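Novice: Sequence first, then the predicted structure, then my questions.
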Amino acid sequence: MDAILEVSSISKSFPVKSGWGKAKGAVSAVKEVSFALQEQGTLGIVGESGCGKSTLARLLLRLIEPDAGEVRFRGNNILELKDSELQQIRQSMQMVFQNPYSSLNPKMTILDNVAFNLWVNGQSKQEARKRAHYYLEAVGLPSSYAGRYPHSLSGGQRQRVAIARALILEPPILIADEAVSALDKSVQAQVLNLFQDLKKEFSLSLLFISHDLNVVEYMSDEVMVMYLGTVVEKGPADRLYSSPYHPYTQALLNSAPSMEVGVTTLNKHTPIKGELPSPLNPPSGCRFRTRCNFAEERCAHQVPEPVKVGPGHEVACFLYETGHEARVVS
Ligand SMILES: Nc1ncnc2c1ncn2[C@@H]1O[C@H](COP(=O)(O)OP(=O)(O)OP(=O)(O)O)[C@@H](O)[C@H]1O
Ligand SMILES: [Mg+2]
């Protein structure tokens with residue numbers, strides 16, 4: 001299957017000013033990130049808070065401009081597009097955020113919140129509302145909800161509205177950024193299942209961002225693990241979860257609560273040692289080295305390139321260069 005989205009070596013730093021308005025440095029939020037999202041596939045992106053997941057999503061839509069790199073949507077580099085063409089690409093990649101309440105208009109009915117995206121794009125109100133009814137039904141909201149206002153809905157229902165509003169533009173790509181993180185576990189499961197159903201029904205390709213490893217495992221065909229703005233490992237979800245290679249992926253999986261049927265238990269394994277370093281002053285070489293049990297001298301001087309460790313499975317760690325395999329305990 002072909003890639004619908006190909007990202008090559010994309011980077012973004014944010015300048016940070018001191019109290020007097022002078023430049024103090026730069027936060028390296030995303031650094032040379034590359035990946036592909038397959039047509040009708042789901043790519044999960046995981047990593048601790050502040051590792052650059054949302055910045056990456058915003059870069060893909062050009063809500064912020066990258067410092068370097070390439071983003072190809074069906075072969076076209078969207079970084080070269082003029083404003084008018086960019087508008088179309090933005091319609092093709094719709095986002096669903098963590099907090100739907102802040103993105104819904106409290107003064108508009110549910111129906112008009114969903115229809116709005118169509119009528120600002122030139123459709124008649126009547127036609128837009130007709131389509132909105134269709135998408136409200138598609139996300140499982142009864143038509144009796146159409147005339148209600150966002151404040152009268154539960155968190156899960158509001159998230160359904162936000163999904164309907166994204167879908168009405170018929171985007172081939174949906175980017176869900178922590179879309180279920182604010183919901184109770186039981187509601188979370190319902191919304192995840194809804195994403196799965198909608199993905200099939202509307203042939204969507206899904207970029208699924210979450211700090212919750214269980215959620216990402218449930219949703220994804222492929223997974224990419226980020227640490228301090230860099231990709232440390234990516235591969236097919238089943239491989240990555242059953243045999244993680246990168247010391248960070250291993251630590252992340254070992255420190256996560258595991259999900260068994262109906263119970264959430266804490267794994268016995270140790271949490272990741274040390275604090276996440278500041279992205280204002282990230283470690284030289286491999287950014288994970290200050291928390292890594294396997295770090296050696298050259299990790300401070302060289303940035304590890306991704307090494308292929310299996311079909312579609314890559315890891316950016318010197319341990320996996322030829323001859324090093326035997327040293328890894330996974
Ligand atoms: N506009 C900005 N100006 C300065 N720094 C920023 C800006 N946006 C993001 N950052 C910084 O970039 C880094 C990555 O942030 P980002 O929000 O992308 O992380 P994240 O992985 O989405 O985190 P979370 O899981 O908490 O949502 C953080 O250190 C953040 O403080
Ligand atoms: Mg985020």
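Specialist: Arrived safely, thanks for sending. Numbering: from 1, shown residues only. Ligands and ions are numbered 1, 2, ... in the order given.

Novice: after whichever strand or helix holds residue 163, next one along is what?
Specialist: Under the criterion of DSSP states H and E, residue 163 resides in helix 155-167. As assigned by DSSP H and E, the chain's next helix or strand after helix 155-167 is strand 173-177.

Novice: Compute the inter-axis angle for the helix or strand following that next one and helix 155-167.
Specialist: With elements assigned by DSSP H and E, the helix or strand that comes after strand 173-177 is helix 185-201. With axes from the mean of the first three to the mean of the last three Cα atoms, to 10 degrees applied, the angle from helix 185-201 to helix 155-167 works out at 20 degrees.

Novice: Give the pairing partners of the helix or strand just after helix 185-201; include direction for each.
Specialist: Next along the chain after helix 185-201, taking DSSP H and E as the criterion, comes strand 205-209. Applying DSSP bridges to the sheet, strand 205-209 is found paired with strand 42-46 (parallel), strand 173-177 (parallel).

Novice: Columns mean pLDDT on top of those, output as TSV?
Specialist: Below are the strands paired with strand 205-209 laid out as TSV (pLDDT from 0 to 100):
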stretch	mean pLDDT
strand 42-46	98
strand 173-177	97
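
Novice: right, so of the ones you listed, which gets closest to ligand 1?
Specialist: Nearest of the strands paired with strand 205-209 to ligand 1, taken as Cβ to the nearest ligand atom: strand 173-177 at 7.2 Å. Placement of C-beta: from N, CA and C, glycine included.

Novice: which residues touch that closest one?
Specialist: Strand 173-177 has contacts (Cβ atoms under 8 Å, 6 or more residues apart in numbering) with 4-5, 37, 53-54, 57, 60-61, 73, 92-98, 163, 166-167, 195, 198-199, 204-210.

Novice: now check that strand, is it near ligand 2?
Specialist: No. Counting by Cβ under 5 Å from the ion, no contacts exist between strand 173-177 and ligand 2, the nearest distance being 5.9 Å.

Novice: who in the stretch 1-150 of the chain is up against ligand 1?
Specialist: By Cβ under 6 Å from any ligand atom, the residues of the stretch 1-150 of the chain that approach ligand 1 are 14, 27, 29, 47, 49-55.

Novice: Drop anything exposed from these.
Specialist: Among those, those scoring as buried are 27, 29, 47, 50-55 (criterion: 16 or more other Cβ atoms under 10 Å).

Novice: And the closest residue to residue 203 other than its chain neighbours, what's its pLDDT?
Specialist: The spatial neighbour of residue 203 that comes closest, neighbours along the chain excluded (Cβ to Cβ, 6 or more residues apart in numbering), is residue 40 at 5.6 Å. With respect to pLDDT, residue 40 scores 97.

Novice: Sticking with residue 40, tell me its helix or strand.
Specialist: Counting by DSSP H and E, residue 40 is part of no helix or strand.

Novice: was I right about it contacting residue 5?
Specialist: No. If you go by Cβ atoms under 8 Å, residue 40 and residue 5 don't touch, sitting 11.8 Å apart.

Novice: shared neighbours, the two?
Specialist: Contacts common to residue 40 and residue 5, judged by Cβ under 8 Å, 6+ apart, are residue 205.

Novice: Those two - which one has more neighbours?
Specialist: residue 5 (24 against 17; other Cβ atoms under 10 Å).

Novice: would the more buried one count as being in a strand?
Specialist: Yes. Assessed with DSSP: H, G, I helix; E, B strand; the rest coil, residue 5 lies in a strand.

Novice: got the contact list for it?
Specialist: 36-37, 60, 71-73, 93, 173, 205, 207.

Novice: Could you list which of these belong to strands?
Specialist: 36-37, 71-73, 93, 173, 205, 207 (DSSP state E).

Novice: quick one: which of the strands paired with strand 205-209 is nearest residue 296?
Specialist: Nearest of the strands paired with strand 205-209 to residue 296, taken as Cβ to Cβ: strand 42-46 at 25.9 Å.

Novice: which one is the residue of the chain found nearest ligand 2 nearest to, not counting chain neighbours?
Specialist: In the chain, the residue that lies nearest ligand 2 is residue 54 (3.1 Å; Cβ to the ion). The shortest distance from residue 54 to any non-neighbouring residue, by Cβ to Cβ, 6+ apart, is to residue 177 (5.6 Å).

Novice: which residues does that neighbour bridge with?
Specialist: Beta-bridge partners of residue 177, as defined by DSSP bridges: residue 209.

Novice: Can you report how many residues lie near residue 315?
Specialist: Residue 315 - counted by other Cβ under 10 Å - has 26 other residues nearby.

Novice: Hmm, it is touching residue 243, no?
Specialist: No. Counting by Cβ under 8 Å, residue 315 stays clear of residue 243, with 10.7 Å between them.

Novice: Would you mind measuring from residue 229 to residue 29?
Specialist: According to Cβ to Cβ, to the nearest Å, residue 229 stands 5 Å off from residue 29.

Novice: As a check, name the ranges of all helices in the protein.
Specialist: Remark: helices assigned in the chain by DSSP state H are 53-60, 83-92, 100-103, 110-119, 125-138, 155-167, 185-201, 213-219, 237-242, 247-255.
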